[in-house]
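A.B. asks: I would like the atomic coordinates for the input below:
(chains A and B)
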Amino acid sequence: VQLVESGGGLVQPGGSLILSCAGSRFTFSTYWMTWVRQAPGKGLEWVANIKEDGSESYYVDSVKGRFSISRDNAKNSVYLHMDSLRPEDSAVYFCAREGSTSSFFEYWGQGTLVTVSS
Amino acid sequence: EIVMTQSPATLSVSPGKRATLSCRASQRIGSNIAWYQHKPGQAPRLLIYDASTRATAIPARFIGRGSGTEFTLTISSLQSEDFAVYYCQHYNYRPPWTFGQGTKVEVK
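C.D. replies: Okay, the predicted model is just below:
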């Protein structure tokens, strides 16, 4: 299993960014996918997840209405659309594949860094 | 939201000794808990799921126990590669999934 994130970078407060995560070596369309972040010096925080077919998604309260998770199973990819970014959104963002039967995070990417600063 | 509380924040242990980490859930979560190991600059690694099931290729020295609200992760004989931060995470019923704040296991 391989997960590779991309799209991180420096963005101004109030700006937008789209993170991508490409999965390989597994049947992407049969797993829930998740985004988790780690702010500098802080612990892990679950951000959002999306069902196998994209029909359901959930978010942590702090990003509701600003972030949107989506997926393209034809491209084996999951995305995190981030709008109205705040300095407190600065973090390394990891994508992860959930377990086949439960929402633990079985495989992880290496992460992509998002910095929100003027 | 279920709050996961880990203790202690830091655990100082000599190589070869046993380490026991604790995680308490703010409400009953059955066995719906996972444990992860995280080293700086690396992806987190799943160690334990369903409270006590070791993930693929995880050594037998990692032992998860508990149910309901009280859980432990024991590392029976610490190896050099085990010094890291450990997190618990619940996945009971529906999101938001939450992590504990982490326990750092350091060399004594």
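
A.B. asks: who in chain B is up against chain A?
C.D. replies: Residues of chain B lying near chain A by Cβ under 8 Å from any Cβ of the partner chain: B:1, B:32, B:34, B:36, B:38, B:42-46, B:49-50, B:55, B:85, B:87, B:89, B:91, B:94-102. The C-beta positions use only the backbone N, C-alpha and C, and glycine is treated the same way.

A.B. asks: okay, which residue is most central for chain A?
C.D. replies: Residue closest to the average C-alpha location in chain A (Cα atoms, centre = their mean): residue A:35, at 3.0 Å.

A.B. asks: so that residue is in which element?
C.D. replies: Assigned by DSSP states H and E, residue A:35 belongs to strand A:33-38.

A.B. asks: how about residue A:88, phi and psi?
C.D. replies: phi -70, psi -10 (degrees, to the nearest 10).

A.B. asks: which residues does the closest residue to the residue nearest to the centre of chain A other than its chain neighbours contact?
C.D. replies: What sits nearest to residue A:35 in space, not counting adjacent residues and going by Cβ to Cβ, 6 or more residues apart in numbering or on different chains, is residue A:47, at 4.3 Å. Residues in contact with residue A:47, defined by Cβ atoms under 8 Å, 6 or more residues apart in numbering or on different chains, are A:34-37, A:59-60, A:63, A:67, A:80, A:93.

A.B. asks: Next one, pLDDT for the residue nearest the centre of chain B please.
C.D. replies: The centroid of chain B falls nearest to residue B:35 when counting by Cα atoms, centre = their mean (3.7 Å). Looking at residue B:35, its pLDDT is 98.

A.B. asks: where's it relative to residue B:62, distance?
C.D. replies: Using Cβ to Cβ, to the nearest Å, residue B:35 is found at 8 Å from residue B:62.

A.B. asks: and if you look at residue A:78?
C.D. replies: Residue A:78 sits 29 Å away from residue B:62, taking Cβ to Cβ as the criterion.

A.B. asks: Between these two, which is the more surrounded one?
C.D. replies: For residue A:78 versus residue B:62, neighbours defined as other Cβ atoms under 10 Å in any protein chain shown are more numerous around residue A:78 (30 against 18).

A.B. asks: what's the helix or strand for the more buried one?
C.D. replies: Assigned by DSSP H and E, residue A:78 falls within strand A:77-82.
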